[in-house]
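> Take a look and give me a structure for this.
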Amino acid sequence: MTQVGDVVLVYVENKPAFFARIESITPDVKPEWFQVKLLVLQVPLVVVTWILREPYINGVEFTMGGRPIRIEKVVAPEEFLSEEAEAGSEDTGEEPAEKKKKKTSGKGKNKGAKVISLSGRMKKKS
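Numbers count the residues shown, from 1 in each chain. Modelled structure (predicted):
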């Protein structure tokens, strides 16, 4: 089920056309229809509001101006999700053994490396 905050891929005439993030889903005045506000992820950013039924929001094809449209929720690949889970385990102090080995087996490439805060740079320019 597609929800507010989800990233979706919009297909136009069965071809991927653009990515968008669902900003809001609010009931429309017509029963069983919803106003779906999408932030189209392009340059420049564009916000559009489409009036859709729930099945259309969840991937059922519909037409707009005679052109077939389909919205598909974007799901991160399992590979990415497992890396994210490992990174999260570092925060709790429960590191996988492989990660510990990698950290301790480094040859000192980053010795003396300096971390620069981007937020600090932006404050100085203002």
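> drop to CA atoms for contacts and neighbour counts, all remaining ones
OK.
> Select the longest strand from this protein.
When the chain is parsed with DSSP state E, its longest strand is strand 15-27.
> any residues touching that strand, and which ones?
Strand 15-27 has contacts (CA atoms under 8 Å, 6 or more residues apart in numbering) with 3-11, 33-42.
> swap in stretch 42-56?
Stretch 42-56 is contacted by residues 18-19, 28, 32-40, 62, 70-71 when judged by CA under 8 Å, 6+ apart.
> Phi first, then psi, for the nearest residue to Gln35 once chain neighbours are set aside.
Spatial nearest neighbour of Gln35, chain neighbours left out: Ile51 (4.5 Å); criterion: CA to CA, 6 or more residues apart in numbering. For Ile51, the backbone dihedrals (degrees, to the nearest 10) come out as phi -100, psi 110.
> ok, how many other residues are close to Ile51?
17 (other CA atoms under 10 Å).
> Look up how far Val43 lies from it.
Distance, Ile51 to Val43, by CA to CA, to the nearest Å: 24 Å.
> Pro16 now?
17 Å.
> With Thr49 instead?
18 Å.
> what do you get for Ile71?
20 Å.
> Cheers, nothing more for now.
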